[in-house]
Each structure stands twice: as structure tokens, then as C-alpha cells.
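**Q** Only the shape, not the letters, is given here:
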């Protein structure tokens, strides 16, 4: 079964940090670009960051630039999202998505991130 599983979410105070993981099972991530999305209650899902299959190219939403870092370890079949200086507006369910130029797309089930004092 081809599956992506996110982990690492939780409750953190403003200014704190979390590292999200997106682990693949049943397939290798080597050939796929990965994006992180998030969806807050009552809002549309929005793109946060993405990384190319070889890790050579990354992009970030303006709202997270300078605070979030995406990386991948293809040997561990895992992509990470390091989130620093978290703000209450970062509160959302975070999803990872594996995709390629052939139209393949696979979503994880999401992990909740709550930033609150």
C-alpha cells in the first residue's frame, strides 16, 4: 500500500519550534517532489513549501519564509519541515503531498499543529 504518514505536530507556544516529518511506505520518494500544505479551520488549503525530487530546489510561501525550512533524506524516505518562530496564525492541519510530472499525487492524512499560549 502506497502511503504517506505525517508526524511531529502538537501544541507549542508562540515563538517555539516543531519539526514535521513525512514518511513514505510502499514506494520510494526519490522520484517525487514533495509539498507541504496546511489548512486552518474555515480556510482553504494553502501551499507552505515544496522541494524537488533531488532536494536541489525549494520554495516557500511568503508567510513562512525565513522561519520554515524544508529538507529531505531520501535514504530515510522522509521529508521534513522545520518550523521555527511559530505564530498563532501557523495553527492548522499540515499535509504532505508527493507528486510528479506524470500527474501522480499522493496525500498524507495530516498532522495538527497548534500554536497557542
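**A** Yep, that arrived. The structure displayed is predicted, hence computed values, not measured ones. Numbering: from 1, shown residues only.
**Q** May I ask which helix or strand encompasses the most centrally placed residue in the chain?
**A** Closest to where the C-alpha atoms of the chain average out (CA atoms, centre = their mean) is residue 36, at 3.3 Å. Following DSSP states H and E, one finds residue 36 within strand 33-39.
**Q** tell me the contacts of the closest residue to residue 112 other than its chain neighbours?
**A** Once flanking residues are discounted, residue 112 sits nearest to residue 9: 4.8 Å by CB to CB, 6 or more residues apart in numbering. For glycine as for every other residue, the C-beta is placed from the backbone atoms N, C-alpha and C. Contact analysis of residue 9 by CB atoms under 8 Å, 6 or more residues apart in numbering lists 18, 20, 93, 94, 111, 112, 113, 114.
**Q** swap the cut-off to 10 Å and go again
**A** Residues in contact with residue 9, defined by CB atoms under 10 Å, 6 or more residues apart in numbering, are 18-21, 83, 92-94, 110-114.
**Q** rewinding a little: wait, the residue nearest to the centre of the chain touches residue 94, no?
**A** Yes: with contacts counted by CB atoms under 10 Å, residue 36 reaches residue 94, the gap being 6.1 Å.
**Q** what touches both of the two?
**A** Listed as contacting both residue 36 and residue 94 by CB under 10 Å, 6+ apart are 6, 20, 22, 48, 81, 83, 108.
**Q** And the residues you listed, which of them are buried?
**A** Buried members of the shared contacts of residue 36 and residue 94, counted by 16 or more other CB atoms under 10 Å: 6, 20, 22, 48, 81, 83, 108.
**Q** just checking, which of these belong to strands?
**A** Using DSSP state E, 6, 20, 22, 48, 81, 83 are the members of these that sit in strands.
**Q** possible to save those residues as JSON lines with pLDDT?
**A** Listed next are these as JSON lines, based on pLDDT from 0 to 100:
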{"residue": "6", "pLDDT": "97"}
{"residue": "20", "pLDDT": "98"}
{"residue": "22", "pLDDT": "97"}
{"residue": "48", "pLDDT": "98"}
{"residue": "81", "pLDDT": "98"}
{"residue": "83", "pLDDT": "98"}
